[in-house]
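K.L.:
Any chance you can model this:
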Amino acid sequence: MVQAYILIQTEVGKASTVAETISQIPGVIQAEDVTGPYDVIVRAQADTVDDLGRMVVARVQQVDGITRTLTCPVVHL
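P.N.:
Residues are numbered from 1 along each chain as shown. Below is the predicted model of the structure:
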């Protein structure tokens, strides 16, 4: 299982709607609207890195109101 944090920038006033929409995507553990340089932070999981990438590109980035994403895979050292 691969987990990652997805840091999301949204259009002004869209953070709450984006977080709510993303929270319904299978594989999303949590989606919170936050303050700071990013508007929404998502914790997601998938079986493989490729599956995670497909989720981000095909599902997350397609949500209306998102302007940029940054995916940070969790590593276990």
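K.L.:
Break down the protein into its strands, ranges please.
P.N.:
Secondary structure of the chain by DSSP state E: the strands cover 2-10, 28-33, 40-46, 66-73.
K.L.:
Next, format those strands as CSV and append distance to Ile22.
P.N.:
Yep, even glycine has a C-beta here, placed from its N, CA and C like the rest. Below are the strands of the chain laid out as CSV (distance: least, C-beta to C-beta, whole Å):
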stretch, distance to Ile22
strand 2-10, 8
strand 28-33, 4
strand 40-46, 6
strand 66-73, 9
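K.L.:
number of nearby residues for Gln30?
P.N.:
The number of residues packed near Gln30 is 12, by other C-beta atoms under 10 Å.
K.L.:
neighbours around the nearest residue to it once chain neighbours are set aside, how many?
P.N.:
Distances taken as C-beta to C-beta, 6 or more residues apart in numbering place Arg43 nearest to Gln30, at 4.7 Å, with adjacent residues excluded. Per other C-beta under 10 Å, the neighbour tally for Arg43 reads 14.
K.L.:
I figured Arg43 was touching Gln3, is that so?
P.N.:
Yes - the criterion here is C-beta atoms under 8 Å, and Arg43 meets it with Gln3 at 6.7 Å.
K.L.:
closest to Val57 out of the strands of the chain?
P.N.:
strand 66-73 (9.1 Å; C-beta to C-beta).
K.L.:
Name every strand pairing with that closest one and say which way it goes.
P.N.:
Strand 66-73 sits in its sheet next to strand 2-10 (antiparallel), going by DSSP bridges.
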